[in-house]
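Chemist: Would you be able to build a 3D model of this:
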Amino acid sequence: MMPPMRAVLLTITACFALALAGCGSDSSSSTEASDTSSSEQAKPAKPPAPKTKPTVKVPSATPPKKLEIKDLEEGSGPAAKAGDEVTVQYVGVNYKTGKQFDASWDRGEPLVFTLGENRVIQGWEEGLEGMKAGGRRELIIPPNLGYGSEASGAIPANETLVFVVDLEAVK
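Modeler: Below is the predicted model:
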């Protein structure tokens, strides 16, 4: 497994090498071809911009009875599986009111946990399985996969939850 920064640097280096290889001249080209401006030459790929806190949109339909998973952005890194340590940023809102009850973004610190150890709600355990690092996923979690009939802080009992989760790393 390759650290994310190393993977980005290798990708940039590979792109630069390919661009450089394509910039050679051949004897059949005219002098006009060498007069192209430097802005027209291939440039190395830029690393993706850092993600920012998402806005969570709650559907207006009746809350689902089953877990709903929707990839908002497909990641390109390794897929998360049970036993992996994952690093995530997230925003959670109440389905009924649309009000945020928690966000790691607001604390400025991602959540790190091992998938499959039941340290998070069951909707996360099931909903993050198979997600690729670098991705953003929406989870709509019914009460039986959330906090059920027990209230938890700002989350009322029997509440459907909506999360947007960014998977930053899988180890």
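Chemist: Could you check the pLDDT of the nearest residue to K65 once chain neighbours are set aside?
Modeler: Spatial nearest neighbour of K65, chain neighbours left out: P142 (5.6 Å); criterion: Cβ to Cβ, 6 or more residues apart in numbering. In short, each C-beta sits where N, CA and C put it, glycine included. On pLDDT, P142 comes in at 98.
Chemist: Distance of G92 relative to Q122?
Modeler: Here the criterion is Cβ to Cβ, to the nearest Å. By it, G92 lies 15 Å from Q122.
Chemist: the more surrounded of these two?
Modeler: G92 (22 against 15; other Cβ atoms under 10 Å).
Chemist: residues in contact with the residue nearest the centre of the chain?
Modeler: The centre of the chain sits closest to G135, judged by Cα atoms, centre = their mean, with a distance of 2.6 Å. Taking Cβ atoms under 8 Å, 6 or more residues apart in numbering as the criterion, G135 is in contact with D71, L72, E73, E74, G75, G77, D166, L167.
Chemist: Swap in 10 Å and give it another go.
Modeler: When contacts are counted by Cβ atoms under 10 Å, 6 or more residues apart in numbering, G135 is found next to 71-77, 79-80, 128, 165-168.
Chemist: Next one: the nearest residue to it once chain neighbours are set aside relative to Y147, how far apart?
Modeler: Take G135 and drop its neighbours on the chain: the residue closest to it by Cβ to Cβ, 6+ apart is G75, 2.9 Å away. Using Cβ to Cβ, G75 is found at 27 Å from Y147.
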